[in-house]
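Chemist: Sequence and predicted structure are below.
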Amino acid sequence: MTKLAAVATALLAASGAAAFTTSRSGPASNNNGVAQRTAVQPSSTSLNLFGSKPKGEGADKPGGPGMMDQLAMFKKAQELAQKKQQLDKELAEEKITGTAAEGKVEITVKYVPPQLPANPTPGYEAAAVNIDEGYLGDVSAEELSAALVEAIREGEKNAMERVGEKYKALEEDVKNIMGGQAAGGAQE
């Protein structure tokens, strides 16, 4: 999500700064009070509002995307945010378990989606514990403690793997939006 927010922020900043630049040529005076005519070249950050290429000299230079292209990218970023929210909701509803002591101790782990901006990383909570009654009567406190820790760790590992699987599709979408420049992907 942070990469998605960064893309949206960059788009807004780029469109806001470049949309209001103007190119003017006109008289300017030097230190002697003599008027000079100077031509100002359009900057490489100026936007072509409807995605067209500049005409005339330097038209073959690669420029930034036009305003319409940026609006389309912003819309795609919004769609990605909605997809991420849906994935987080699905993951929060899934039952992910970890077991220990040959299945006699079972921990149900719940995925907790990131709460931006206060808590930007996802979490995992132990939601339920099931212990076989026969095992509980035959085991020492130390063995039970070790089995619980093992089951919790396995449950968290399973939850992280499941989150990674679900986020692969979202990662591909982010790469497509960023033109293949998303090096690390969208995993958080």
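Modeler: Looks like it came in fine.
Chemist: use CA for all of it now, contacts and neighbours both
Modeler: OK.
Chemist: ok, A126 - how many residues close by?
Modeler: As a burial measure, A126 scores 17 neighbours (other CA atoms under 10 Å).
Chemist: Show me what counts as buried in the strand or helix carrying it.
Modeler: A126 belongs to strand 123-131 when assigned by DSSP states H and E. Under the neighbour-count criterion of 16 or more other CA atoms under 10 Å, strand 123-131 has 123-124, 126, 129, 131 buried.
Chemist: name the helices or strands packed onto it?
Modeler: Counting by 3 or more CA pairs under 8 Å, 6 or more residues apart in numbering; DSSP states H and E, the packing neighbours recorded for strand 123-131 are strand 105-112, helix 141-177.
Chemist: angle of that strand against helix 141-177?
Modeler: Angle, strand 123-131 to helix 141-177, by axes from the mean of the first three to the mean of the last three CA atoms, to 10 degrees: 140 degrees.
Chemist: how about P122, phi and psi?
Modeler: The phi/psi pair for P122 (degrees, to the nearest 10) reads phi -70, psi 160.
Chemist: Skipping adjacent residues, who's closest to it in space?
Modeler: Closest residue in space to P122, ignoring its immediate chain neighbours: P114 at 4.3 Å, by CA to CA, 6 or more residues apart in numbering.
Chemist: what do you get for L87?
Modeler: K166 (7.0 Å).
Chemist: Tell me, how many residues neighbour that neighbour?
Modeler: Look at K166: counted by other CA under 10 Å, it has 17 neighbours.
Chemist: same check, this time on E102
Modeler: When neighbours are defined as other CA under 10 Å, E102 has 8 of them.
Chemist: ok, now N176?
Modeler: N176: 13 neighbours (other CA under 10 Å).
Chemist: Could you check how far it is from G164?
Modeler: N176 sits 18 Å away from G164, taking CA to CA, to the nearest Å as the criterion.
Chemist: now do A92
Modeler: 14 Å.
Chemist: try L144
Modeler: 30 Å.
Chemist: got the buried residues for the helix or strand Q85 falls within?
Modeler: Q85 belongs to helix 67-93 when assigned by DSSP H and E. Buried residues in helix 67-93, counting neighbours by 16+ other CA under 10 Å, are found at 67, 69-70, 73-74, 76-77, 80-81, 83-84, 87-88, 91-92.
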